[in-house]
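# coords please:
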Amino acid sequence: MVAALPTIFHVKDGKFRHYRGPRDKDEFMSFIEDKKWVDLEEVSGWISPSSIQMSIVSSFFKISMILRNVHNKLVDGYGLPYWVSLLLFGLATVLVGAILGLMLVCIVDVVFVSKASIPAPVVSPLQSLSKTQESSKTEKGEVSDGDKLDNGTAASKSLRKRKVVVEEK
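All right, here's what the predicted structure looks like:
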């Protein structure tokens, strides 16, 4: 991992080795010619400069340099006060965060649909009225043989029980 600049790596066949020797020409030449690099331990894959993680870190450094150049252009090139540049960067940060947050919420809503958003079955007023009449008949015990029973519903089970009780009496 890069701890101090300049960090020097020896790269051979895609394998990285961290050079920690003196920084002069003669030492570099003897390091290569005498194959002293063979004795060095290879850098582990996850902190290797060619790893995905280090590529991402490198991208963040590049983005920070671009933002620094934009800031310098605003302050030096256009003559804006320092605080105006920082205010613009702050507003841009909040705006980008809000947009990304909104996109994340929309994605989560599409992927994980809540049960509350699934529409309930629509009951027509006639169905509602007939169920109310059936339940009032069952409460009063006014069930006749001509009443139609809807098999499987709680109201029909209740009607059957009451019908049996009425018939026994």
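# Go ahead and name everything in contact with the helix or strand encompassing L67.
L67 belongs to helix 52-72 when assigned by DSSP states H and E. Helix 52-72 is contacted from outside by 46-48, 85, 89, using CB atoms under 8 Å, 6 or more residues apart in numbering. Bear in mind the C-beta positions are built from the backbone N, C-alpha and C, glycine included.
# Counting only helices, which of those residues make the cut?
Among the contacts of helix 52-72, the members falling in helices (DSSP state H) are 85, 89.
# can you redo the contacts of helix 52-72 as TSV with distance to L104, neighbour count and pLDDT?
Below are the contacts of helix 52-72 laid out as TSV (distance: CB to CB, whole Å; neighbours: other CB atoms under 10 Å; pLDDT from 0 to 100):
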residue	distance to L104	neighbour count	pLDDT
W46	27	10	74
I47	30	13	75
S48	31	18	76
S85	29	17	95
F89	22	14	96
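# so which of the contacts of helix 52-72 would you say is closest to R17?
For those, the minimum distance to R17 (CB to CB) is 10.3 Å, reached by S48.
# Name whatever forms a beta bridge with the closest residue to that closest one other than its chain neighbours.
Nearest residue to S48, sequence neighbours excluded (CB to CB, 6 or more residues apart in numbering): F16, at 5.0 Å. F16 has these beta-bridge partners by DSSP bridges: V11.
# check contacts around F16.
Contacts of F16 by CB under 8 Å, 6+ apart are 9-10, 42-43, 48-50.
# wait, which of those residues is closest to G77?
Relative to G77, the closest of the contacts of F16 is P49; by CB to CB it sits at 34.1 Å.
# would L100 count as being in a helix?
Yes: counting by DSSP: H, G, I helix; E, B strand; the rest coil, L100 is part of a helix.
# Number of residues surrounding it?
Residues lying near L100 (other CB atoms under 10 Å) number 10.
# go on, V43?
Neighbours of V43 (other CB under 10 Å): 19.
# Appreciated, that's everything.
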